[in-house]
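Engineer: pasting the sequence and the predicted coordinates here, then a few questions.
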Number of protein chains: 2
Amino acid sequence: MATRTRRSQRRTEALSRERIVKAAVELLDASGESGLTFRVLTERLETGPGAIYWHVANKDELLAAATDAVVAGAVATGATGITGAGEPSQEPEDGIRDVALRLFDATEAHPWLAAQLATQLSRNPGGTVAPRILEGIGRHVRALGVPQDGWFTTASALMHYILGAAGQNVANTESARALGPEADRGDFLGTVSAAWKRLDPDDYPFTRAVAEQARTHDDREQFLAGVDLLLTGINAGHPRTA
Amino acid sequence: MATRTRRSQRRTEALSRERIVKAAVELLDASGESGLTFRVLTERLETGPGAIYWHVANKDELLAAATDAVVAGAVATGATGITGAGEPSQEPEDGIRDVALRLFDATEAHPWLAAQLATQLSRNPGGTVAPRILEGIGRHVRALGVPQDGWFTTASALMHYILGAAGQNVANTESARALGPEADRGDFLGTVSAAWKRLDPDDYPFTRAVAEQARTHDDREQFLAGVDLLLTGINAGHPRTA
DNA sequence: CCAAGAATGGAACGGCGTACCAGAGACGAC
DNA sequence: GTCGTCTCTGGTACGCCGTTCCATTCTTGG
């Protein structure tokens, strides 16, 4: 057994938690949750496991850090200029749609994100992710004129809908990719729609009836429609102050 | 190397996909997603991996089957007699609340369920889980008088909210358990609330303002409040027919 | 110049999901 | 009855995973 071979040289660019998290996000984006491995991470960073473990406690913490980094980028004002880079004077409804769409788009850009949010959001809720989202939504909830004792319930309802819908949407786009490299969203929805039409008419009358709508629906539009349902319900529940 | 030892006897009770799924659900309930292992599963069923793989393709399929089994039980009419064992003549709003609560309770009884729903619901959406939920909600959406071209959007919005909120809630109760054996939900919420109150006042004014509400809120009540927001929005969007 | 600490990365460990396959029971054909 | 065939079983082995351990190297302050 040869003694330990000495390492060639100290690395040119110092390892850091930031560099590790950045590489983790890239790996997750490239090949999904199963693509993030300490093995490929060490290879990518040209280092050993021990070096990574010096900066990060374990894989769960790494996933949490990656999630937080992406959410922070998505929620940050003006991160994506969808409705005008976080215009401060916009209508509160538009502000909520803006935040919602930013999160929606983030889960689409990072398909692994939705599952992480669902799993880890409050696994350690002292964490930074939940407050980030809540805060992004909450400002606008307050601006809507919701009475203070309804703030938490209202903002939570919005957050839950956004996370649920975003997760579902990701699952859809992922499935489309799984169908094949050149298969697109339409092919996938066609497959699902056809499967639904084949269901038992006695047990699944409704699902069969909406199969056609499912085939032709637009994810983003449907997502915003759900947000608007909530906004309507919220506005109906309190006297609209000017 | 001794030749293969012959097995003692053919098993008394035949293995079946049902028995395997049942055991899987029990293991998941007992010790979470990481508690479900082919090793302990073979031990529990007094068999070998090959026998299991004869009935089930792989672990993903096993998880999907377990998820489907639990959802089927939860959505089935009268599975839990919360509002009267699936009264057929109830108001459509109550019907929706009923289905929502059933799923909410299911995710609480099976803490692993929410993550599975988020991850796998449409990983294979030709699967049975999504139609089951959609159907359970859809009947009542129709009864609400929603025009047909809004069926899919409306039912989807409800489903997304339910899944998102249920997942969030599970994360909360799970975290409470992690705090310690005798720690209860109150201790956990107290911890979270305290952490939120310690946030930067400039960056997190809203979250700090709702920290106290978070400490004292009731999960079930808040969940239903969100459902009602959606119901209000839905009813406002179309002429209420008798 | 040298001791002390921070940071590194190679090797090894236990456990996981899974593939493989020899063999045991069930059962119809003759 | 016996045989061949098909269904089902469970033991063994493989490759990869997250993680631990630790000798070694670079950096820093006295």
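Structural biologist: Looks like it arrived, so ask away.
Engineer: what is the burial count for residue A:32?
Structural biologist: 14 (other Cβ atoms under 10 Å in any protein chain shown). (Each C-beta comes from the backbone N, C-alpha and C, glycine too.)
Engineer: show me what contacts the residue nearest to it when sequence neighbours are not counted?
Structural biologist: Using Cβ to Cβ, 6 or more residues apart in numbering or on different chains and skipping residues adjacent in sequence, the residue nearest residue A:32 is residue A:112, 5.8 Å away. Neighbour list for residue A:112: A:28-29, A:32-33 [criterion: Cβ atoms under 8 Å, 6 or more residues apart in numbering or on different chains].
Engineer: gap between residue A:112 and DNA strand C?
Structural biologist: Residue A:112 is 18 Å from DNA strand C, where distance means Cβ to the nearest atom of the strand, to the nearest Å.
Engineer: about what we covered before: filter the contacts of residue A:112 down to just the ones in helices.
Structural biologist: A:28-29 (DSSP state H).
Engineer: just confirm yes or no for the strand or helix carrying residue A:64 near chain B.
Structural biologist: Per DSSP states H and E, residue A:64 falls inside helix A:59-75. No. Applying Cβ under 8 Å from any Cβ of the partner chain, one finds helix A:59-75 separated from chain B by no less than 11.0 Å.
Engineer: show the average pLDDT along that helix.
Structural biologist: Averaging pLDDT along helix A:59-75 gives 94.
Engineer: what's the next secondary structure element after it?
Structural biologist: Criterion used, DSSP H and E; the element after helix A:59-75 is helix A:92-109.
Engineer: thought residue A:188 was touching residue A:182?
Structural biologist: No. Residue A:188 is beyond contact range of residue A:182, at 12.0 Å (criterion: Cβ atoms under 8 Å).
Engineer: comparing these two, which residue is more hemmed in?
Structural biologist: In terms of neighbours (other Cβ under 10 Å), residue A:188 is the more surrounded of residue A:188 and residue A:182; the figures are 22 against 6.
Engineer: for the closest residue to that one other than its chain neighbours, give me its contacts.
Structural biologist: Leaving aside its chain neighbours, residue A:188 sits nearest to residue A:176 (3.6 Å; criterion: Cβ to Cβ, 6+ apart). Counting by Cβ under 8 Å, 6+ apart, residue A:176 touches A:183-185, A:187-189.
Engineer: which ones among the residues you listed map onto helices?
Structural biologist: Short answer: the contacts of residue A:176 in helices (DSSP H) are A:185, A:187-189.
Engineer: which of the residues you listed ranks first by neighbour count?
Structural biologist: Neighbour counts for these (other Cβ under 10 Å) peak at residue A:188, which has 22 neighbours.
Engineer: in chain A, which spans are helices?
Structural biologist: A:17-31, A:38-45, A:49-55, A:59-75, A:92-109, A:113-120, A:129-143, A:151-179, A:185-197, A:205-216, A:219-236.
Engineer: separation between residue A:35 and DNA strand C?
Structural biologist: The gap separating residue A:35 from DNA strand C is 16 Å, by Cβ to the nearest atom of the strand.
Engineer: go on, residue A:76?
Structural biologist: 28 Å.
Engineer: cool, residue A:160 as well?
Structural biologist: 30 Å.
Engineer: what is the neighbour count of the nearest residue to residue A:158 once chain neighbours are set aside?
Structural biologist: In this structure, residue A:158 finds its nearest non-sequential neighbour in residue A:137, 5.1 Å apart by Cβ to Cβ, 6+ apart. Counted by other Cβ under 10 Å, the residues lying close to residue A:137 total 24.
Engineer: please name the residues that touch residue A:137.
Structural biologist: So residue A:137 contacts A:96, A:99-100, A:155, A:158-159, A:162 (Cβ under 8 Å, 6+ apart).
Engineer: residues in contact with the most centrally placed residue in chain A?
Structural biologist: Centroid check for chain A by Cα atoms, centre = their mean gives residue A:107 as the closest residue, at 3.3 Å. With contact set as Cβ under 8 Å, 6+ apart, residue A:107 has these partners: A:113-114, A:117, A:166-167, A:169-170.
Engineer: if you rank those by neighbours, which is first?
Structural biologist: Going by other Cβ under 10 Å, residue A:117 tops the contacts of residue A:107 with 29 neighbours.
Engineer: for the residue nearest to it when sequence neighbours are not counted, report the pLDDT, please.
Structural biologist: Spatial nearest neighbour of residue A:117, excluding adjacent residues (Cβ to Cβ, 6+ apart): residue A:163 at 5.6 Å. For residue A:163, the pLDDT comes out at 91.
Engineer: number of residues surrounding residue A:163?
Structural biologist: For residue A:163, using other Cβ under 10 Å, the count is 26.
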